[in-house]
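**Student:** Provided below for reference: sequence and predicted model.
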Amino acid sequence: MQIIELPMNLIDEDKDQPRYRFGEESLQELVNSIGEIGLLSPIKVRKAEGGRYKIIYGNRRYLACSKLGRDTIPAIVSEATDETEIYLEQVAENLTREGFTPIEEGEAFDKLLNDPKFASSVKFLAAKLGKPESYIKNKCELLKFGPAVKKLVVSGTDIRKDTLTEDQLLPLKDLPMEYRDPLALTMAKDEMPVIDVKRIAKLFKDASISERTKSQLLYKDGPGLLDTWSAYEASRKERARAAADAERRKAEAEAEREEAEREEAQRKKAEAADGAAAAGVQPRPAAGAEGVAAQAAAATATASAPAAAALSQADSAAAVAAMAAAAAGARTMATLRELLAALPAPDALASELQAATSVDPEALLDGLDDLIGRLEGHLGACRAARSSIAQRL
């Protein structure tokens, strides 16, 4: 990389370069520095028509040297000709410099993305410049604001009066322009912290607040808007609590109703089973093979009653035994049906137990242990009975 001294009168500024906002104070500081210790970094140029050169980067150094009346300036002459590569180099160089404002960055990225001469993509720029895609997109979002707001945007994160940082602006970017720009100017005037800007933006994004009310809120200063947000947030939380309480009460009432219906159904089944056992017959099932078998057993038991009087004493005893067995069978079937009706589905019981957050955990565990013990005892007895019955088939 060769550095040569180029005559100042053969060099032209690049009016289309990404950085164009040079503060007079910082430029004068650079003039003083170069006057005292000289130019520490050369500028970079490319060849132009007529033996002239155009600056790729180093405009501020060129301007400072012009103010000092220097005849020559150290420069690197680039052989690059691709416009995209040259502009990307300008952007990359300025990204390392102080004073390259977020608005200048956004305009440079927007130009690379939308100018037909470049037509780049966000992914391409992120790879070439070593920046996250979100970084590039956020800088472009700043271009939504009007000229009066853009003029106040500065680099860094320090919040100062009548200036705006990128972090202060981004929470407002999705608001309609009639709210976005006036709020941004208010945030700059009142030096509002980023967290407060986010709260105020949330207030203006709430669809439940009328446009008329939002327009009236624009007359308030930053602290006044923050007070409005505090009142709004307290009201929102209170409404949310009231809605949650109403939903909870509704769920509790529904649960109580379902429990009452379940208990009533179990009571009626138990009464029906007791009546059938006392009469020695089963209630008539609705349908199914089990119902048909039960009806046959009940009919046989009922028909045997008058005939027993005409039988011999031995036959009469056998008939009575048969009737007792039929009644016992009816009671057994009634008990089974009552147990099955009382048991909820496994999924429903599991859901109910998981939702029992208000129950004392130790009491719930003791109850579950008792239930598991009894169920295991009944399960063993049921399996033994089934095995015995199956062997008789």
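**Tutor:** Thanks, I have it. Residues are numbered from 1 along each chain as shown.
**Student:** and residue 85, its phi and psi?
**Tutor:** Dihedral angles of residue 85 (phi, psi; degrees, to the nearest 10) stand at phi -60, psi -40.
**Student:** run a quick neighbour tally on it.
**Tutor:** Neighbour count for residue 85, taken as other CB atoms under 10 Å: 12. C-beta: built from backbone N, CA, C; applies to glycine.
**Student:** same check, this time on the one 3 residues further on
**Tutor:** Burial of residue 88, expressed as a neighbour count using other CB under 10 Å, amounts to 20.
**Student:** helices or strands up against the host helix or strand of it?
**Tutor:** In this assignment (DSSP states H and E), residue 88 forms part of helix 83-95. Judged by 3 or more CB pairs under 8 Å, 6 or more residues apart in numbering; DSSP states H and E, helix 83-95 is in contact with strand 43-47, strand 53-57, helix 102-114, helix 122-129.
**Student:** can you say which of these is nearest to residue 212?
**Tutor:** Proximity to residue 212 (CB to CB) singles out helix 102-114 among the helices and strands packed on helix 83-95, at 32.5 Å.
**Student:** which helix or strand in this structure has the lowest average pLDDT?
**Tutor:** One helix or strand of the chain scores below all others by mean pLDDT, DSSP states H and E: helix 289-307, with a mean of 50.
**Student:** can you show me the strands along the stretch 101-250 of the chain?
**Tutor:** Counting by DSSP state E, counting those that start in this stretch, the stretch 101-250 of the chain forms no strands at all.
**Student:** tell me where it has helices.
**Tutor:** 102-114, 122-129, 133-141, 147-150, 166-169, 177-189, 194-205, 211-217, 222-279 (DSSP state H, counting those that start in this stretch).
**Student:** who are the packing partners of the fourth one?
**Tutor:** When contacts are defined as 3+ CB pairs under 8 Å, 6+ apart, helix 147-150 packs onto helix 177-189.
**Student:** pLDDT on the helix it packs on, on average?
**Tutor:** Mean pLDDT, computed over helix 177-189, is 96.
**Student:** contacts for that helix?
**Tutor:** Applying CB atoms under 8 Å, 6 or more residues apart in numbering, the external contacts of helix 177-189 come out as 144-146, 148-149, 152, 161-164, 168-169, 172-173, 175, 192, 197, 200-201, 204, 214-215, 218, 221-222, 225.
**Student:** buried stuff in that helix?
**Tutor:** Within helix 177-189, the residues that count as buried by 16 or more other CB atoms under 10 Å are 179-188.
**Student:** closest to residue 3 among the residues you listed?
**Tutor:** For the buried residues of helix 177-189, the nearest to residue 3 is residue 188 (42.9 Å; CB to CB).
**Student:** please tell me how far the closest one sits from residue 100.
**Tutor:** 20 Å (CB to CB, to the nearest Å).
**Student:** now residue 255
**Tutor:** Computed as CB to CB, the residue 255 to residue 100 distance reads 64 Å.
**Student:** between the two, who's got more neighbours?
**Tutor:** residue 100 (18 against 12).
**Student:** tell me the secondary structure at that one.
**Tutor:** The three-state label given to residue 100 by DSSP: H, G, I helix; E, B strand; the rest coil is coil.
**Student:** and it, what does it touch?
**Tutor:** Counting by CB under 8 Å, 6+ apart, residue 100 makes contact with 18-19, 94, 155.
**Student:** ditto for residue 79
**Tutor:** For residue 79, the contact set (CB under 8 Å, 6+ apart) comprises 46-47.
**Student:** next, give phi and psi for it.
**Tutor:** phi -100, psi 0.
**Student:** for residue 115, same thing?
**Tutor:** Dihedral angles of residue 115 (phi, psi; degrees, to the nearest 10) stand at phi -70, psi 130.
**Student:** what about it, distance to residue 9?
**Tutor:** Residue 115 is 31 Å from residue 9, by CB to CB.
**Student:** looking at the two, which is more packed in?
**Tutor:** Set side by side, residue 115 and residue 9 show more neighbours around residue 115, with 13 against 9, by other CB under 10 Å.
**Student:** gap between that one and residue 83?
**Tutor:** If you go by CB to CB, the gap between residue 115 and residue 83 works out to 10 Å.
**Student:** what's the answer for residue 91, then?
**Tutor:** Residue 91 is 13 Å from residue 83, by CB to CB.
**Student:** between the two, who's got more neighbours?
**Tutor:** Remark: of residue 91 and residue 83, residue 91 carries more neighbours, 24 against 12, as counted by other CB under 10 Å.
**Student:** report the spatially nearest residue to the residue nearest to the spatial centre of the chain, omitting neighbours in sequence.
**Tutor:** Closest to where the C-alpha atoms of the chain average out (CA atoms, centre = their mean) is residue 202, at 16.0 Å. What sits nearest to residue 202 in space, not counting adjacent residues and going by CB to CB, 6 or more residues apart in numbering, is residue 229, at 7.1 Å.
**Student:** so who does that neighbour touch?
**Tutor:** Per CB under 8 Å, 6+ apart, neighbours of residue 229: 199-200, 202-203.
**Student:** ok, now residue 331?
**Tutor:** Residues in contact with residue 331 (CB under 8 Å, 6+ apart) are 273, 277.
**Student:** same check on the one 10 residues further on?
**Tutor:** Shown in contact with residue 341 (CB under 8 Å, 6+ apart): 265-266, 269.
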